[in-house]
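S.K.: the following comprises the amino acid sequence and a computationally predicted model.
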Amino acid sequence: MPSFKIDTSTAVVFVATAPTPKLANAKTGERAMDRETGAPLSTVGLLVSDEGEGNLYQVTVPETGYPEGLAPGMPVKVVGLKARDWENEFNGQKRHGISFRAVAITSVA
């Protein structure tokens, strides 16, 4: 599926939730890994405010793509943010949504 670039150059971005490990399998606890680099993946909640509108995004980022100590309230910049739509079927129920992925999250301070 195609992905779409998201321009955050004019946005104000804050960490909403600290990074947590992204799991490939919740039952086994297997960690999700980046297919290209092999780095473990994490999910970070980001509050993105632009043009009078604020949104909360759960963004997947490689563990190597953000500084240690990333905490709620910190102003950050997002590098290479992309959105991709997804759809799957589980137990006969179709689900769909949009996933967000970034190359890196850097501290503004």
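M.R.: It's in.
S.K.: can you report phi and psi for the residue of the chain most remote from its centre?
M.R.: Most distant from the centre of the chain: residue 92, at 27.6 Å, with distances by C-alpha atoms, centre = their mean. With angles defined as degrees, to the nearest 10, residue 92 sits at phi 80, psi 0.
S.K.: any idea how far it is from residue 65?
M.R.: Distance, residue 92 to residue 65, by C-beta to C-beta, to the nearest Å: 37 Å. C-beta coordinates here come from the backbone N, C-alpha and C atoms, glycine included.
S.K.: and the strands in the protein?
M.R.: Counting by DSSP state E, one finds strands in the chain at the ranges 3-5, 12-21, 23-25, 30-31, 41-50, 53-62, 75-79, 82-90, 93-101, 104-107.
S.K.: need those in TSV (columns: mean pLDDT, distance to residue 69 and mean neighbour count).
M.R.: Below are the strands of the chain laid out as TSV (pLDDT from 0 to 100; distance: least, C-beta to C-beta, whole Å; neighbours: other C-beta atoms under 10 Å):
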stretch	mean pLDDT	distance to residue 69	mean neighbour count
strand 3-5	93	28	11
strand 12-21	97	9	16
strand 23-25	93	22	11
strand 30-31	96	21	12
strand 41-50	97	13	19
strand 53-62	96	15	16
strand 75-79	97	12	17
strand 82-90	92	25	11
strand 93-101	94	22	12
strand 104-107	96	9	16
